[in-house]
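A.B. asks: Here is my input, please return the structure:
(2 chains)
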2 protein chains.
Amino acid sequence: MTNHAITFQPENKTASVRTGALVIEAMRQAGLDIAQPCGGQGRCGRCAVVVEAGDVRRRSTLRLSQADLQAGYALACQAVVEGDATIYVPKPAEESERRLVTDKTARKVAVPFPYAYARDQTVQAFYLPLDPPTLNDAIDDFARLQRALEARGVRDLDIPLPLLRELGQRLREARWAVTAIVETDNWRRPGGPPRLIDLVAGNQAETVWGLAIDIGTTTITVYLVNLLTGEAVDNAAEYNGQIARGEDVISRILYAGKNGGLGELAYLVGKTINEVIRRLAQRNQVETGRIYKAAVAGNSTMMHLFLSVPPASIRLTPYIPAVSHPLPALAAEVGLDIHPLAAVDCLPGVASYVGADITAGVLASRLSEAEALTLFIDIGTNGEMVLGTKDWLVTCACSAGPAFEGAGVVCGMRATAGAVEEVWINSRTFEPTYRVIGGTKPRGLCGSGLISLVAELFITGVVDKGGNFKRDQGTPRVRLGEHGPEYVVAWANETAAGRDIVLTKVDVDNLLRAKAAIYAGFTVLAQNVGVDLAQVEQVLVGGSFGKYINVEKAVQIGLLPDMPWERFNFLGNTSVMGAYMALLSREARAQIKAIAEKMTYIELSADNTFYDAFTSALFLPHTDMSRFPTVAKIWGNGSEG
Amino acid sequence: MTNHAITFQPENKTASVRTGALVIEAMRQAGLDIAQPCGGQGRCGRCAVVVEAGDVRRRSTLRLSQADLQAGYALACQAVVEGDATIYVPKPAEESERRLVTDKTARKVAVPFPYAYARDQTVQAFYLPLDPPTLNDAIDDFARLQRALEARGVRDLDIPLPLLRELGQRLREARWAVTAIVETDNWRRPGGPPRLIDLVAGNQAETVWGLAIDIGTTTITVYLVNLLTGEAVDNAAEYNGQIARGEDVISRILYAGKNGGLGELAYLVGKTINEVIRRLAQRNQVETGRIYKAAVAGNSTMMHLFLSVPPASIRLTPYIPAVSHPLPALAAEVGLDIHPLAAVDCLPGVASYVGADITAGVLASRLSEAEALTLFIDIGTNGEMVLGTKDWLVTCACSAGPAFEGAGVVCGMRATAGAVEEVWINSRTFEPTYRVIGGTKPRGLCGSGLISLVAELFITGVVDKGGNFKRDQGTPRVRLGEHGPEYVVAWANETAAGRDIVLTKVDVDNLLRAKAAIYAGFTVLAQNVGVDLAQVEQVLVGGSFGKYINVEKAVQIGLLPDMPWERFNFLGNTSVMGAYMALLSREARAQIKAIAEKMTYIELSADNTFYDAFTSALFLPHTDMSRFPTVAKIWGNGSEG
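C.D. replies: Reported below is the predicted structural model:
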């Protein structure tokens, strides 16, 4: 078998691969990185390249139009090399424009409960002026350290071998006056024995740092916490470096199953976290070696990848995680660039699709202390929801697909500069007005824009209850496009790319399925415990969803239940907040374990009533309009106006 | 500065070093290995080389005679390169003839107490046919494993991250029928939580192996133990690979303090142990990956080097080990080539010079259960001794120097082929008869030969109580040599090397100091607890010393107290036996911890009475002859005969 020479333009890089290799493999060999949001399944179309010359067979063209194919486009993850070729790699559009909202927000976070370092914190610093050894007091170094700590109430100290190897030298160089950093106990071993994390010269008991980390599928958020005061002195966020290997958890799981994929994803998430840590450490003048503890939350797949545990079985029925309650780990084991012996506490999850981000959210939202019937929801690519009170909790998860995050939609994009985030439609002319993130020319529709647009189209009667376009409105905005009926949000001359931004019938159907899955989840939860959704007294919304979504619009499309606005409470990132609470207090950490154990998980794919609830919800806003009285009222007006 | 070319003969290897480099450094560069029994201090003379041509400055010539110097000899560790040179490296004499007595002895060792695997052993194997997951039983893999183990009485299992990373795959590949190897608890965490060591497919609960390891300064001994039956199915021994870097612990500590020295010594001891393990595994067809536990004994320095913990402070007053009670370790952490997660249990010591070999010896000798006043002794380069009963234990250690191991003596050698191991002297003619190990021509004197010879010289009146040669005996065997008065044991024509084998006055003084230190130790111990040595009802002798030493002779020189022979009990390697017991039973392991904690250590250098006891013992057999009634009687006869 001979090799084929592949040349990539415009960078003029080359690779040599055998017949049957994928173009994406040749690109890797040539040192070219390209985003694969779908994990190489040929579904997202983001790895499109132009075959300028040569033999390349297209395995799938699902995401390419006829015009694209005529222009030479191929998906790098689906294109098979069959001879020498020259391939043009377009510059990625979004890369340089990424921007995170968290970096705009206030930096300090208040301590969420009364915090007393000595009482609440498992990581303690003790300044120990030791008696130097003499012939009459010749116990070994480790016993001397233990004796001094016993006088401070710390018994039976454990010492990791790497520290034991340096113990003698550290004690002598410090002239027997040292600060011992000790993990006195953890949730796994509530009674101890305590474990030595570090031993530093002199009195350095006033410098003990910790981190609260939320590993989101899209965004990683880190709080830098002074463990003595409990204050989160700073926080920062960054896009999860794994995005380039898959935008949703399913794509990541598939990628992890490829040769070397797991290692790469584990490396990428670690790299992102470490970059955020470095940034926080630099701007707060904190030595990373003095960060002695981290509490980590995230969905089950993110936790698996962070721990380098294969997530394969999460994806396949019966949807089994390798681990829901990860054990205490050390920073060095999981690749965090803080003190290598720092305690890393991964919070527990409930099931494959109800992870530690949700248990952390239940803790942070105080749902588990609520007297009133409460619904907690976290909507992203997956929708997770918890219904309950302080006495009981039921939970389920449903795959909403990527529509709410701007993906899987013809003109979809993430909520970055150029994304249309809100739309209003004139009910007489059907002309739209819109708001664009960053105030630039529009480039596409993000999740909130999509919800807003569909709600407006419905209320103004452009689409009907079934999501079908009414073609008799007498406006050029509604037309028949390549993918069927569509509504033009922005004409080519108004847009950044010089192409029309449209919402197609297919997009509307995608959104309908997404919102129906979420709403069906609420319905099944309520049915399972025999309550009516209308009885819910408060809806706590975690995640970034609530920050940008207009609740009114979300109710209008039937995504959220129809109830007075004052019952909705938007809490922001409850996952990192739960991790922060767990970082500070063993009590909070115990609570989250109790929450995880107490939650009853309902597997929707095994629930007989889910499919009925789902199909009933595949309408705007729902088959049963009596569930949406306020919408029925407006809609009546809108459709008449 | 220019480099100098050094050529080594007969192998014609070369090195290029700067002015001031040591010849030994040039040899290393040239890839030539040479033994450094004294650790490079210029004391042992084993690294002697011949400078054939060139500029080499001799920093110390302590171990070289005038004749040696004239012949061009230099000590490689003390010779400084000052120009180009050609150096002849003599072939090491002992290397190929090393032979260990343990390999001659019976291979199997009987279980030392009634042993019931399920009751006594901390490492347990459980065959678990698991229920595969379903939608209605969708707990995570780790929880499923825990649930099955809970049904077997094992609660709250810990799983190391490397195993968690493979858990899902192992369970599925085994089709949910696995054998879990679990450390249910250890001495550090008697109540658990248990720790998963391995997970293998199918029912393999009948194959669980362990190791008992004694790391001697000279010899490493390993028992291969079937943990189900408790039987030591085989054992093997090998010279400690560290010998080439120092023969006694002090030399090793000095070597460890050199740049890279600690790492090298840790590597060498691991290499030796792993070689013995491989040999045992091969000849018993045992997979090393199925060895799940090891118990390790050794003196404090050996334990430090095994754990890669710097031993520097052991050597310097006030003689402080970094650790006396090492914590449970994993095989991978300490470089043992068995299952990487195998439990490695290092036994506890008492002080810098009373290590785990002695606590293991006390356990194995059952001194800690004795009703009668008992003396336990282990004599090698150091003499360690314990006096006590089941109610109390006192211990001390004294440096005997290497005389008992055949070093530090002009014609000394280790107890290998060619060593004179016993001598008889005709009391009229003063002519000797001797026995040689291996029945070959004699090459030198080993420790037992030395004791035997000095006893005979004393009994026959060739030397007096003070160790001085009486020069008026009318025999050519007593003469004035280069080092002063000496006795010729074998004439040149009888010997392997063609040179006289002699015992010098200096050698006798060395031996006197060695035995005086030991005997003074006994005296101080007895005085400290207010008993008389004569009250001792049994003397338990551990170590290889007792295997070869003639007790009568040892009493005659005043090394051992003068008491009826039946009170002496030679137990062999009690260190490995103690490790074996600790390997088998958590009860034995707890006992050894209690022994270490209970022993009162007396530091002789801080004891006012030691020096007096030592000087009183610097005679044959002692200043106070009433302490040695049987010797007084024979001696009277001998000197009159």
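A.B. asks: Burial check on residue A:441, number of neighbours?
C.D. replies: Other residues lying near residue A:441 total 14 when counted by other Cβ atoms under 10 Å in any protein chain shown. Heads up, the C-betas are built off the backbone N, CA and C, glycines and all.
A.B. asks: again with residue A:6
C.D. replies: For residue A:6, using other Cβ under 10 Å, the count is 25.
A.B. asks: Check what pLDDT residue A:95 gets.
C.D. replies: pLDDT, residue A:95: 39.
A.B. asks: right, I mislabeled it, should have said residue A:401
C.D. replies: pLDDT at residue A:401 comes out at 73.
A.B. asks: ok, which stretches of the stretch 151-300 of chain A are helices?
C.D. replies: Secondary structure of the stretch 151-300 of chain A (DSSP state H, counting those that start in this stretch): helices at A:161-173, A:249-256, A:261-283, A:300-306.
A.B. asks: tell me the most buried of those helices?
C.D. replies: Highest mean neighbour count of the helices of the stretch 151-300 of chain A: helix A:300-306, a mean of 28 (counted as mean count of other Cβ atoms under 10 Å in any protein chain shown).
A.B. asks: avg pLDDT for that helix?
C.D. replies: 98.
A.B. asks: what's the next helix-or-strand element following it packed up against?
C.D. replies: Going down the chain from helix A:300-306, the next helix or strand is helix A:312-315, by DSSP states H and E. The contact analysis (3 or more Cβ pairs under 8 Å, 6 or more residues apart in numbering or on different chains; DSSP states H and E) places helix A:312-315 against helix A:249-256, helix A:300-306, helix B:161-173.
A.B. asks: Quickly check: the following helix or strand past helix A:312-315 near chain B or not.
C.D. replies: Scanning forward in sequence from helix A:312-315 by DSSP H and E, the next helix or strand is strand A:329-330. Yes - contact of strand A:329-330 with chain B (Cβ under 8 Å from any Cβ of the partner chain) involves residue A:329.
A.B. asks: For strand A:329-330, which outside residues touch it?
C.D. replies: For strand A:329-330, contacts defined as Cβ atoms under 8 Å, 6 or more residues apart in numbering or on different chains pick out A:307, A:340-344, A:346, B:161.
A.B. asks: switch to 10 Å and redo it
C.D. replies: Contacts to strand A:329-330, defined as Cβ atoms under 10 Å, 6 or more residues apart in numbering or on different chains, come from residues A:160, A:195, A:197, A:294, A:296, A:306-307, A:336, A:339-346, B:160-161, B:164.
A.B. asks: following the lowest-mean-pLDDT helix or strand in chain A, which helix or strand comes up?
C.D. replies: Ranked by mean pLDDT, DSSP states H and E, the weakest helix or strand in chain A is helix A:545-548, scoring a mean of 68. Downstream of helix A:545-548, the first helix or strand assigned by DSSP H and E is helix A:551-556.
A.B. asks: Can you name the residues that contact the residue of the stretch 151-300 of chain A found nearest chain B?
C.D. replies: Going by Cβ to the nearest Cβ, chain B is nearest to residue A:168 of the stretch 151-300 of chain A, at 4.4 Å. Contact partners of residue A:168, counting by Cβ under 10 Å, 6+ apart, are A:140-142, B:304, B:309-314, B:320-323.
A.B. asks: In space, what's closest to the residue of the stretch 101-250 of chain A found nearest chain B - neighbours in sequence excluded?
C.D. replies: Nearest residue of the stretch 101-250 of chain A to chain B (Cβ to the nearest Cβ) works out as residue A:135 at 3.9 Å. Once flanking residues are discounted, residue A:135 sits nearest to residue B:606: 3.9 Å by Cβ to Cβ, 6 or more residues apart in numbering or on different chains.
A.B. asks: Residue A:578: which element?
C.D. replies: Applying DSSP H and E, one finds residue A:578 within helix A:574-584.
A.B. asks: tell me the average confidence for that helix?
C.D. replies: With pLDDT averaged residue by residue, helix A:574-584 scores 97.
A.B. asks: Equivalent analysis for stretch A:26-36, please.
C.D. replies: For stretch A:26-36, mean pLDDT is 81.
A.B. asks: just how off-centre is it within its chain?
C.D. replies: 25 Å (Cα atoms, centre = their mean, to the nearest Å).
A.B. asks: Only alpha carbons, please: show it as CSV.
C.D. replies: The C-alpha coordinates for stretch A:26-36 follow below in CSV (Å, rounded to 0.1, in the frame of the first residue of the first chain):
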residue,chain,number,x,y,z
ALA,A,26,-4.3,13.7,7.9
MET,A,27,-5.0,17.2,9.4
ARG,A,28,-3.9,16.0,12.8
GLN,A,29,-0.7,14.6,11.3
ALA,A,30,-0.1,18.0,9.6
GLY,A,31,-0.5,19.7,13.0
LEU,A,32,-3.8,21.4,12.1
ASP,A,33,-6.4,21.5,14.8
ILE,A,34,-10.1,21.8,13.9
ALA,A,35,-13.1,21.9,16.0
GLN,A,36,-15.3,18.7,16.1
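A.B. asks: Which positions within stretch A:191-204 qualify as buried?
C.D. replies: Within stretch A:191-204, the residues that count as buried by 16 or more other Cβ atoms under 10 Å in any protein chain shown are A:192-200.
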